[in-house]
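> The following block contains a protein sequence and its predicted model.
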Amino acid sequence: MVHDAYHAIADLLDIEAVKVREIEGLAKSELYENKDEDAYRELMRKKALLLSSLADQVNEAVQVLEVKDKTFVMDRIDRFALSASQSLQINSVFFMSALLYSEEYKEGDKNDLELFAESVRSMKLQN
């Protein structure tokens with residue numbers, strides 16, 4: 001049962017990561033093809049809002065994890081949410097667009113949320 005929770009959490013994170021990629025794809029299209037900065041800004045806000053509510057998506061699923069794993073997962077999710085909330089507070093489109101991407105990121109690499117989903121899935125194997 002607990003092992004299934006790791007898979008379920010990773011699946012939830014994957015679903016949210018797909019949503020982020022879809023939003024980012026639409027945003028790039030709006031900015032570069034349609035030259036619509038307002039639409040781009042709104043889509044980046046949507047991305048940040050999604051990330052800021054990530055804890056709500058996984059809160060129930062993490063309850064069955066061991067304490068150390070639950071703490072690890074929620075701490076990381078809280079950091080995603082905090083960064084997203086900060087980007088919304090300061091209304092920085094650049095900050096919103098950079099959410100989930102390290103300075104070392106190269107186009108085609110997995111973003112931080114996708115990598116985190118993989119790490120949660122591998123936690124299952126360690127337990």
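Right, received. Where do you want to start?

> Check which element follows the helix or strand harbouring Ala8 along the chain.
Assigned by DSSP states H and E, Ala8 falls within helix 2-28. Reading on from helix 2-28 to the C-terminus, the next helix or strand found by DSSP H and E is helix 37-52.

> Can you give me the buried ones in that following helix?
Of the residues in helix 37-52, Tyr40, Arg41, Leu43, Met44, Arg45, Lys46, Lys47, Ala48, Leu50, Leu51, Ser52 count as buried by neighbour count, 16 or more other CB atoms under 10 Å. For every residue, glycine as well, the C-beta is placed using N, CA and C.

> Determine which two of those are furthest apart.
Tyr40 and Ser52 (18.7 Å; CB to CB).

> Pull the distance from stretch 20-27 to the chain's centre.
12 Å (CA atoms, centre = their mean, to the nearest Å).

> let me fix that: stretch 30-45
Remark: stretch 30-45 is offset 20 Å from the chain centroid, using CA atoms, centre = their mean.

> what's the span of it, first residue to last?
The first and last residues of stretch 30-45 sit 14 Å apart, counting by CA to CA, to the nearest Å.

> before we move on, what about stretch 94-104?
17 Å.

> In it, which residues are buried?
Buried, per 16+ other CB under 10 Å, within stretch 94-104: Phe95, Met96, Ser97, Leu99, Leu100.

> Surely the last one and Leu115 touch.
No. The pair Leu100 and Leu115 fails to qualify as a contact (CB atoms under 8 Å) at a distance of 9.1 Å.

> Below-threshold pLDDT in this structure: ranges please.
1-3, 124-127 (pLDDT under 70).

> ok, and the closest non-adjacent residue to the residue nearest to the spatial centre of it?
Geometric centre of the chain, nearest residue: Leu113, 4.4 Å, by CA atoms, centre = their mean. Distances taken as CB to CB, 6 or more residues apart in numbering put Ala17 closest to Leu113, at 4.5 Å, once the chain neighbours are dropped.
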